[in-house]
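J.: Task: produce atomic coordinates for the following.
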Amino acid sequence: MITARNLLISLGLLCLVLLYLLQPILMPFLVGMLLAYLGDPLADAIESKGLSRRIAVSIVFLIFSILFLGLILFLIPLLGRQLEVIREMLPLLIKVFKEQALPVIAQYTGLEIGQFDFETIQKALSGHLKQAGSIASLLIREISQSGMALVSFVVNLGLIPVVTFYMLVDWDHLKIKLLNLFPRKYQAKTEQMAMECDEVLSAFIKGQLLVMLALSVIYATGLWLVGLKLALLVGLLAGLASIVPYLGAIIGIGAGLAAGWFQFTDWLPLVWILSVFIIGQLLESFVLTPLLVGDKIGLHPVTVIFAIMAGGQLFGFTGVLIALPVAAVIMVLLRHVHDYYKDSEMYS
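T.: Take a look at the predicted model:
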């Protein structure tokens, strides 16, 4: 006899098999679903002002398009120039490491300085940085070498906005239809667990990611006002690393002080660089996190890192996209299993 539980388990296994088999074509659909999930609250807010759903979705779609084009046209060229600055500073970095740091390391470890071929290391690093600085042209060249790869890339890229638009238009209806697929006696519990999963995801995606973005802007702007040439690169690195509490500040302070020392060779700018990160941490603790995340239940940073790495290892880029939603669902399920166990006779 087929029970509801066996049916759900069978459907779950079938979804995993289909995910594995269809992963080469799932990327635009998953990206579109993610963008629709991020844009749905804004679309609902605009719709509540009396506008139709399609007009609200069109406004959200326009905002996403402007942000994406701004990222492509503004951020990527700036990062390319930052990498060029690092390439120019590389000889000085290697010289300081060779003359000051390496003798100390050799004294305490017993390594022979002659074992390091600094000229080869410098050429290799310069070549990699030069290649990274022209990443757009490299990507176009690699894709254009295969006609089918170029067609697939263009089709996938073109599908993302189409999927995003239609998913946003029908998002609320899709949620109702998915809920109605479950047996009626399980629908209330399923809806409760879905709301808990949404709370976890929103706490991270709509909260923590906004905190990371805000910190990136704060750090990059502050370091730019100080006059640091690598302000954008260091600011973005520190902001992205802030997914783990205090890790972003630690990485940012280390990278910022190192870059500042080689650029200014004076202690006063280093004090200003340190002040930027102190102000950023204060803003995160007392303004950004309470305002954007609040007291919602979020995914633990270690859970996030493991989920993303595991998803990438199992299903490639598709696995990275679904890692956080799956981790949120698993965390909610484990919480309910734990509560069920605590209420069972086995525990008591």
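
J.: Residue 169 versus residue 54, what's the distance?
T.: Counting by Cβ to Cβ, to the nearest Å, the gap between residue 54 and residue 169 amounts to 6 Å. All C-beta atoms are positioned from the backbone trio N, CA, C, and that covers glycine.

J.: So for those two, which sits in the more crowded spot?
T.: residue 169 (18 against 13; other Cβ atoms under 10 Å).

J.: Kindly provide the distance from that one to residue 36.
T.: Distance, residue 169 to residue 36, by Cβ to Cβ: 9 Å.

J.: again, but for residue 314
T.: For residue 314, the distance to residue 36 - Cβ to Cβ - is 24 Å.

J.: Give me the more crowded residue out of these two.
T.: residue 36 (23 against 16).

J.: ok, that one touching residue 164?
T.: Yes - between residue 36 and residue 164 a contact is recorded at 5.5 Å, counting by Cβ atoms under 8 Å.

J.: Against which helices or strands is the strand or helix carrying residue 272 packed?
T.: Element membership of residue 272, judged by DSSP states H and E, is helix 267-283. Applying 3 or more Cβ pairs under 8 Å, 6 or more residues apart in numbering; DSSP states H and E, one finds that helix 267-283 contacts helix 209-226, helix 247-264.

J.: for the first one, packing partners?
T.: This points to helix 209-226. Packed next to helix 209-226, using 3+ Cβ pairs under 8 Å, 6+ apart, are helix 231-241, helix 247-264, helix 267-283.

J.: So what touches it?
T.: Residues outside helix 209-226 that contact it (Cβ atoms under 8 Å, 6 or more residues apart in numbering): 230-232, 234-236, 238-240, 242-243, 248, 252, 256, 260, 269, 272-273, 276-277, 279-280, 283-284, 288-289, 292-293.

J.: Mind giving me the PyMOL command for buried ones among these?
T.: Here is the PyMOL selection string for the buried members of the contacts of helix 209-226, based on 16 or more other Cβ atoms under 10 Å:
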select buried, resi 230+231+232+234+235+236+238+239+240+242+243+248+252+256+260+269+272+273+276+277+280+284+288+289+292+293
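
J.: For the protein, which residues score under the pLDDT cut-off?
T.: 1-5, 7-8, 96-102, 104-151, 153, 293-299, 317 (pLDDT under 70).

J.: Longest helix in it, by number of residues?
T.: Identified as the longest helix of the chain according to DSSP state H is helix 4-47.

J.: next one: that helix to chain centre, how far?
T.: Remark: helix 4-47 is offset 18 Å from the chain centroid, using Cα atoms, centre = their mean, to the nearest Å.

J.: what's it packed up against?
T.: If contacts are counted by 3+ Cβ pairs under 8 Å, 6+ apart, helix 4-47 sits against helix 53-70, helix 147-169, helix 171-180, helix 301-342.

J.: what do you get if the cut-off is 6 Å, keeping everything else the same?
T.: helix 53-70, helix 147-169, helix 301-342 (3 or more Cβ pairs under 6 Å, 6 or more residues apart in numbering; DSSP states H and E).
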